[in-house]
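Asker: A structural model of the following input is requested.
(one chain, ligands or ions: 1)
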Amino acid sequence: MSAPATLKVGFLGAGDVSTLHAEAVHECPTAELAGLWNRTRARGIARAEEFGCRFFETPEALVEDPTLDAVFVLTNMETHLQYAELALAAGKHVLVEKPTASTIAEIEAMRTAAEASGKQCMPVHNYIYEPGLTRTRRLIDEGKLGDLVSVYVLYNIHHPEPVAARYPGVIRQILTHHAYILLYLAGPPSAVSAMKATINDGTVPQENLAMATVEMQTGCLAHLCASFASDDHSGDPWTCLIKVIGTKGATRFSYRDWVENKPAVVHSQTYSVYPDTIKQTVRHFLERCVPNGEPPLSSLDDAITCQRIIEACETSVTERRTIDL
Ligand SMILES: NC(=O)c1ccc[n+]([C@@H]2O[C@H](COP(=O)([O-])OP(=O)(O)OC[C@H]3O[C@@H](n4cnc5c(N)ncnc54)[C@H](O)[C@@H]3O)[C@@H](O)[C@H]2O)c1
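Answerer: Sure thing, here's the model as predicted:
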């Protein structure tokens with residue numbers, strides 16, 4: 001059998017997360033990172049050199065390049081829609097970082113653009129491409145865990161103030177991950193109650209701690225916790241832990257099961273599974289969705305439900321009440 005054709009990929013945005021995507025594309029035997037654009041030119045040129053690809057002067061020049069097949073939108077949340085629409089209109093498949101966009105209306109607009117172009121537009125809902133979670137999902141589907149009772153998604157990873165300042169608060173930045181994980185494992189939610197706090201040196205106003213209790217349509221309950229305020233280095237740490245408990249069985253996934261003794265960007269240690277989730281996501285997109293038209297494990301419709309959960313968390317925090325969905 002001949003080798004599949006090489007897909008050419010371009011990046012819009014070359015911040016921290018682009019290094020993980022570049023590594024992921026480089027490891028994908030059927031794809032090649034052909035070029036990138038970044039708003040800050042000097043950084044874009046430096047990253048292009050680092051990744052061994054071409055630097056484009058404008059996002060328009062990148063999406064119009066006829067040799068590119070797919071575009072990864074890796075800029076900040078506020079600009080995802082703008083760049084996804086640009087790339088889809090130019091006939092490119094799109095992988096868009098999370099949070100998919102700032103509002104439900106923006107994600108709906110992205111879905112409309114994807115439908116109009118007939119191209120794939122897949123959110124980077126990376127955790128669920130991790131084999132430990134796909135296995136959990138399979139066990140649930142096969143009835144091996146019985147009826148779901150509870151789902152816990154806990155995240156405690158310190159992000160220093162200068163890093164936290166670049167992101168929205170943890171409700172959007174981290175609970176978005178928790179929301180799509182929950183949807184993937186336990187289906188749609190029926191109600192949300194949330195609280196938030198900011199525990200830092202006072203220079204960053206965004207919340208760096210949030211907890212939510214979610215009632216699911218099946219009747220099971222979930223607890224979501226996201227914190228940039230502190231690491232958990234105690235025994236059996238809750239660095240990033242996902243626990244699913246059913247009437248007939250339970251599963252656990254932890255970042256702490258694969259640790260390298262060196263820092264990784266802002267993480268105090270390297271949790272090998274984290275970059276791996278990006279690799280699994282990128283391979284699913286480039287090896288299954290783009291060439292075969294297979295759907296992603298989590299779609300733009302799921303991104304809309306995620307955004308409903310996030311906005312319900314925000315309303316719950318502001319109005320100090322439970323929000324029905
Ligand atoms: N899936 C994950 O696990 C994961 C992890 C980290 C970040 N992310 C997401 O990836 C995206 C980028 O995050 P990052 O960590 O690389 O952040 P970063 O701050 O390192 O980089 C931000 C990027 O956005 C660009 N940008 C900012 N404002 C812009 C504007 N107005 N117009 C055009 N470009 C603009 C910057 O030039 C840079 O390329 C965010 O959506 C973030 O939520 C996802």
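
Asker: is the residue nearest to Arg172 when sequence neighbours are not counted in a helix, a strand, or coil?
Answerer: Closest residue to Arg172 in three dimensions, ignoring its sequence neighbours and counting by Cβ to Cβ, 6 or more residues apart in numbering: Pro99, at 5.3 Å. For the C-beta atoms, the positions are set from N, CA and C on the backbone; glycine is no exception. Three-state assignment for Pro99 (DSSP: H, G, I helix; E, B strand; the rest coil): coil.

Asker: and for Pro99, the neighbour number?
Answerer: 28 (other Cβ atoms under 10 Å).

Asker: can you tell me the closest non-neighbouring residue to Ala61?
Answerer: Trp37 (7.4 Å).

Asker: so how far is Cys306 from Phe228?
Answerer: Distance of Phe228 to Cys306, computed by Cβ to Cβ, to the nearest Å: 19 Å.

Asker: and Arg288, by the same measure?
Answerer: Counting by Cβ to Cβ - Arg288 and Cys306 are separated by 21 Å.

Asker: so between those two, which is more surrounded?
Answerer: Under the criterion of other Cβ under 10 Å, the comparison of Arg288 against Cys306 puts Cys306 first, with 28 against 15.

Asker: tell me which helix or strand the residue found closest to the more buried one once you drop the neighbours it is linked to in the chain sits in.
Answerer: The shortest distance from Cys306 to any non-neighbouring residue, by Cβ to Cβ, 6+ apart, is to Ala179 (4.1 Å). Using DSSP states H and E, the element containing Ala179 is helix 175-186.

Asker: now that helix, how far from the centre of its chain.
Answerer: Relative to the centre of its chain, helix 175-186 is centred 10 Å away, using Cα atoms, centre = their mean, to the nearest Å.

Asker: what mean pLDDT does it have?
Answerer: Mean pLDDT, helix 175-186: 97.

Asker: ok, stretch 122-132 next?
Answerer: 97.

Asker: separation between Thr19 and Phe11?
Answerer: Distance from Thr19 to Phe11, counting by Cβ to Cβ: 11 Å.

Asker: quick one, which of those two is more surrounded?
Answerer: Comparing Thr19 with Phe11 by other Cβ under 10 Å, the one with more neighbours is Phe11, at 30 against 16.

Asker: wait, the more buried one sits on Ala24?
Answerer: No. Using Cβ atoms under 8 Å, Phe11 is not in contact with Ala24; the gap is 11.2 Å.

Asker: please name the residues that touch the nearest residue to Thr67 once chain neighbours are set aside.
Answerer: Nearest residue to Thr67, sequence neighbours excluded (Cβ to Cβ, 6+ apart): Lys8, at 5.4 Å. Listed by Cβ atoms under 8 Å, 6 or more residues apart in numbering, the contact partners of Lys8 are 31-32, 34, 67-70.

Asker: next up, phi/psi of whatever residue of the chain ends up closest to the ligand, please.
Answerer: Residue nearest to the ligand within the chain: Gly15 (1.9 Å; Cβ to the nearest ligand atom). Torsion angles at Gly15 (phi, psi; degrees, to the nearest 10) stand at phi -80, psi -160.
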